[in-house]
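Asks: Here is a sequence with its predicted model. Questions after.
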Amino acid sequence: MGTVSLKNISRQFTINVDGKPHNVQALRDVSFDVNDGEMVALIGPSGCGKTTALRIVMGLQEPSAGQVTVDGVPIRGCGYDRGIVFQHAELLPWLTAFENVAFALEMKGIKGEEMRETAMRYLDLVGLKDSARRRPYQLSGGMQQRVGIARALAIDPKVLLMDEPFGALDAQTREQMQNELIDIQARTGKTVLFVTHDLDEAILLADRVVVMRKGEVAEIMQVNLPRPRHNDAALLRMPEYAELRYRLWSSLHQEAA
Amino acid sequence: MLSKMPRSLLTGLSLTFALILWEIVGRHVDPIFGSHPLAIAEASVALIRSGAIFKALGESLQPFLVGYTAAVVLGVPLGLLLGRYRVFEALFGIYVTAGYAMPLVALVPLLTLWLGLGFAVKVAIIFLMAIFPVTINTWLGVRAVPKSLIDVGRALVAPDSVILRRIILPATLPYIVAGMKLAIGRAVVAMIIAEFFTSMAGLGAIIINSANNFDTATMFVPVFVLVMLAIGLTSLIGWIEKRVAPWQAEIAGRQES
Ligand SMILES: Nc1ncnc2c1ncn2[C@@H]1O[C@H](COP(=O)(O)OP(=O)(O)O)[C@@H](O)[C@H]1O
Ligand SMILES: [Mg+2]
């Protein structure tokens, strides 16, 4: 199981601009669910509160109001039921790829041979078995992000949270990693909530797309394309694909009332 | 053209030029008021033959190593606490800032009243001079650790002590090493002050005795030994850093050619 519910989440920040305090309403009354085994995309212009929403679900940030539940239980801070992939991998630079994954396992209390075996298994899953002993600076951006994904998956969370995980990658690597994520999700059945600013990525990966605007949920769209999907000609030429893409584009280009 | 030469060659050229210049100018100066490299070399040979310089170096090094090691062993954890905990910083930060600026020489008479004129007071003087750069650098280093790396630990539900040891400490290592290097110079100065003002011994004693005999060339020998000691220990720390933290040179700093 792994159903996530955001219930009336709001969040303000007080920031200093030229020495004067300003209130920023990053999120206002945001509510939506991510059902067990579902992939949901969070999309919207930059600054609309996507990262804040994801961090609140992870427990890295407290909401000013509202509540997040996983399988009906309110979260209290971070937990191993959720795993996060950061926008910029955020690997510990002094650890090798293997050690970065093993660190997560060790934190969860998994030790010894089981830790080693599990870490290698997840590095293998993201195709990095042969680079296990490299340090982050010896890996490309795409490889670093894969280690970040392996680290998040290794603790076997019910829910995988991803913040623009492929945003910094070149188009080709991005496509490849999108396809890999589709396979991994199909195999593990994880619940996935991911942030993106890429229309095609949202449609390709998600079962539903949550469109955000100025800290609020503007619209939630169902993606009824057949699975398994892959980023290929067959999908891109479907009329439903074009239709959905147009509706999403329109929604994103609508001015907030 | 200079930018293409190896570092050691450039440094060697610079030193040779400086020594030649000194030799030329120094020969025209009254040997009481100054000296020149050849005269100092002669004096060194005499001090090496008699073994006096080695005995003095040994006497100086003992309190030096004890005081310096204690400064690092206590200074690093103190800096970690100051950087990590706001309350600790507010309560004790002021003493560390003040201690760094304190003219320690002024306190030496008081320290000798407390600790006598022997080994203990020398260690105390060296310790007090060396601990502040180590602590302040560590403190600043902790403040500079990216929040995003700490979030990695928080997302994995790591306890505070684990975040401190496994994330903040390694991330702060470059600052700690810089502090240890600064502390070498200060500890060398402290060692000589200690030898001047307490029981005369070691390299400081040779300096004072030869100055009293107007033997300026001999006086310069321990000064050079001290400089070489400081340079040697500083490079030793740099060498150790490259061994224990090889990632650092790769991810930060100037391009080396
Ligand atoms: N820690 C913070 N302190 C102050 N303001 C913040 C903080 N985090 C986010 N914000 C503000 O909240 C808003 C939403 O930010 P964010 O969630 O990062 O947006 P997105 O990820 O959609 O680009 C922005 O206006 C941003 O400036
Ligand atoms: Mg963001």
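Replies: That came in fine, so what should we check first? Ligands and ions are numbered 1, 2, ... in the order given.
Asks: going forward, measure contacts and count neighbours with C-alpha atoms only.
Replies: Will do.
Asks: thinking B:Asp151 is in contact with A:Leu60, fair?
Replies: Yes. Between B:Asp151 and A:Leu60 there is a contact under C-alpha atoms under 8 Å: 7.1 Å.
Asks: residue in the stretch 1-150 of chain B nearest to ligand 1?
Replies: B:Lys147 (10.3 Å; C-alpha to the nearest ligand atom).
Asks: residues in contact with that residue?
Replies: By C-alpha atoms under 8 Å, 6 or more residues apart in numbering or on different chains, B:Lys147 lies in contact with nothing.
Asks: Could you report the pLDDT at it?
Replies: Confidence at B:Lys147, expressed as pLDDT, is 95.
Asks: And it, its phi and psi?
Replies: phi -60, psi -30 (degrees, to the nearest 10).
Asks: ok, now how distant is it from chain A?
Replies: Per C-alpha to the nearest C-alpha, to the nearest Å, B:Lys147 is found 10 Å from chain A.
Asks: Residues of chain B that sit close to chain A?
Replies: Within reach of chain A by C-alpha under 8 Å from any C-alpha of the partner chain, chain B has these residues: B:148-149, B:151-152, B:154-158, B:167, B:170, B:245, B:247-248, B:250-251.
Asks: Restricted to helices, list the residues you listed.
Replies: B:Ser148, B:Leu149, B:Asp151, B:Val152, B:Arg154, B:Ala155, B:Pro170, B:Trp247, B:Gln248, B:Glu250, B:Ile251 (DSSP state H).
Asks: which ones are touching B:Glu89?
Replies: With C-alpha under 8 Å, 6+ apart, B:Glu89 has these contacts: B:Leu81, B:Leu82, B:Gly83.
Asks: hmm, which helix or strand of chain A has the shakiest average pLDDT?
Replies: helix A:233-236 (a mean of 83; mean pLDDT, DSSP states H and E).
Asks: Tell me which helix or strand comes right after it, heading toward the C-terminus.
Replies: Later in the chain than helix A:233-236, the nearest helix or strand by DSSP states H and E is helix A:239-253.
Asks: outside of that following helix, which residues touch it?
Replies: So helix A:239-253 is in contact with A:Gly44, A:Pro45, A:Leu199, A:Asp200, A:Ile203, A:Val211, A:Arg213, A:Glu219, A:Val223, A:Leu225, A:Leu235, A:Leu236, going by C-alpha under 8 Å, 6+ apart.
Asks: What average pLDDT does it get?
Replies: 91.
Asks: For it, which residues meet the burial criterion?
Replies: A:Tyr241, A:Leu244, A:Arg245, A:Leu248, A:Ser251, A:Leu252 (16 or more other C-alpha atoms under 10 Å in any protein chain shown).
Asks: possible to save the residues you listed as a markdown table with distance to B:Leu229?
Replies: As requested, those are exported to a markdown table (distance: C-alpha to C-alpha, whole Å):
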| residue | distance to B:Leu229 |
| --- | --- |
| A:Tyr241 | 72 |
| A:Leu244 | 72 |
| A:Arg245 | 70 |
| A:Leu248 | 69 |
| A:Ser251 | 70 |
| A:Leu252 | 67 |
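Asks: quick one on the thing from earlier: please identify which two of the residues of chain B next to chain A are farthest apart in space.
Replies: B:Val157 and B:Glu250 (29.5 Å; C-alpha to C-alpha).
Asks: how about the helices in the stretch 151-257 of chain B?
Replies: Under the criterion DSSP state H, counting those that start in this stretch, the stretch 151-257 of chain B contains helices at B:160-163, B:169-197, B:202-212, B:216-244, B:246-251.
Asks: which of those is buried the deepest?
Replies: helix B:169-197 (a mean of 22; mean count of other C-alpha atoms under 10 Å in any protein chain shown).
Asks: And stretch B:157-176, end to end?
Replies: By C-alpha to C-alpha, to the nearest Å, the extent of stretch B:157-176 from end to end equals 26 Å.
Asks: Heading C-terminal from the helix or strand where B:Ala46 lies, find the next helix or strand.
Replies: Element membership for B:Ala46 (DSSP H and E) is helix B:37-50. Of the helices and strands lying after helix B:37-50 in sequence (DSSP H and E), the nearest is helix B:52-84.
Asks: other SSEs contacting that next one?
Replies: Applying 3 or more C-alpha pairs under 8 Å, 6 or more residues apart in numbering or on different chains; DSSP states H and E, we find helix B:52-84 packed against helix B:86-101, helix B:119-143, helix B:169-197, helix B:202-212.
Asks: List, one by one, the residues from chain A near chain B.
Replies: A:58-60, A:78-80, A:83-84, A:90-94, A:104, A:107-108, A:135, A:137.
Asks: In helices, which of those appear?
Replies: In helices, judged by DSSP H, the following of the residues of chain A next to chain B are found: A:Met58, A:Ala104, A:Met107.
Asks: what residues are up against the second one?
Replies: The reference is to A:Ala104. A:Arg151, A:Ala152, A:Ala154, A:Ile155, B:Leu156.
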